[in-house]
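> Test case, fold it:
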Amino acid sequence: MTNQVVMQNKSLAKQKIFTLASPILILILGHFSAQYFTALWGNWAWPGVFCVYWGCMLGMVSLYGGMKRVKGWFAKPIGSRWWLVLAVLIGLSAFPILFFPNLDVLNSIPMIAAWFLFAIINSTCEELYWRGFLLDETAELPFHIGKIYTSLLFIAMHPLMLGVFSKMQSFDPDNPFALLPFLMILTLITVVYCLIYLKTRSLRWPILSHFLTDLGNLSIFVFMNLLTIG
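Numbers count the residues shown, from 1 in each chain. Model (predicted):
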């Protein structure tokens, strides 16, 4: 084996390690950026936090994913159309829980525009990174370790990063089980996103489902603690 091949293999190994470590690094950076922007802007922390978060995810996809793979992720889905039905049903599930009981928060055109734009950008960035990129990168790991690893970190990101400024997603030490229903629903949604991608080999339906979910859960209004719950 030539020195060039050895160096190339070492480079690929380092890239793989960095790729596998990237969700942990993004989670840590996201947590500290959430603390920083919350101290700086209060309830308006979310734009700063998500700029950092989206930038990190898109940076990883751009550096190590490549345009060829990105185009492949947006290819026509294969398999049954029932995966599209499941994607839509999961996406709409938050509407009766959060959207309809809190319609009164939709009273500002700029906020509505920001909410809609957020849903488009966030659903695309998160599915590109957490499903397309990471599930592909961890596909060779045995016993579904890659799927479990990426899913657990995606779920953990919500209380550890978003929970810094969003009360609905924060951990309350005085009531440690209060967050359990949210985490159970989030786990179900995460599993469905993974299944749809793996079965259709396309991110079209996961992005659609995620987009509807972000609309239905009134994302930025939750981040700003504007909802009345219970």
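> Please count neighbours and contacts with C-alpha atoms only from this point.
OK.
> Could you report the pLDDT at the residue nearest to the spatial centre of the chain?
For the chain, the residue sitting closest to the mean C-alpha position, by C-alpha atoms, centre = their mean, is Glu126 at 3.9 Å. At Glu126, the model reports a pLDDT of 98.
> who's in contact with it?
Glu126 sits next to Trp54, Met57 when contact means C-alpha atoms under 8 Å, 6 or more residues apart in numbering.
> Where does it fall, secondary structure wise?
Glu126 belongs to helix 109-126 when assigned by DSSP states H and E.
> what comes up buried for that helix?
When burial is assessed from 16 or more other C-alpha atoms under 10 Å, helix 109-126 yields the following buried residues: Ile112, Trp115, Phe116, Phe118, Ala119, Ile120, Asn122, Ser123, Thr124, Cys125, Glu126.
> For Ala87, state which of those residues is nearest.
Ala87 has its nearest neighbour among those in Ser123, at 12.9 Å by C-alpha to C-alpha.
> Show residues contacting stretch 152-161.
Identification of contacts with stretch 152-161 by C-alpha under 8 Å, 6+ apart yields 23-24, 27, 30-32, 34, 130, 169-171, 183, 186-187, 190.
> contact partners of the helix or strand containing His210?
Taking DSSP H and E as the definition, His210 sits inside helix 204-216. In this structure, residues lying in contact with helix 204-216 by C-alpha under 8 Å, 6+ apart are 73-77, 83-84, 87-95, 98-99, 115-116, 119-120, 122-124, 127, 193-194, 196-197.
> Which neighbouring elements make contact with the helix ranked longest in the chain?
Assignment by DSSP state H gives helix 3-41 as the longest helix of the chain. Secondary-structure packing of helix 3-41 (3 or more C-alpha pairs under 8 Å, 6 or more residues apart in numbering; DSSP states H and E): helix 45-64, helix 134-137, helix 145-160.
> Now do it: distance to the chain's middle.
Centroid separation between helix 3-41 and its chain, computed with C-alpha atoms, centre = their mean, to the nearest Å, is 16 Å.
> what's the answer for stretch 162-169, then?
15 Å.
> I'd like the mean pLDDT over it, please.
In this model, stretch 162-169 has a mean pLDDT of 95.
> Can you give me the end-to-end span of it?
Start and end residues of stretch 162-169 are separated by 7 Å (C-alpha to C-alpha, to the nearest Å).
> what does stretch 34-50 give?
Chord length of stretch 34-50, first to last residue, is 9 Å (C-alpha to C-alpha).
> So which bits of it are buried?
Across stretch 34-50, burial judged by 16+ other C-alpha under 10 Å covers Ala34, Gln35, Tyr36, Phe37, Thr38, Asn43, Ala45, Trp46, Pro47, Gly48, Val49, Phe50.
> Alright, that wraps it up for me.
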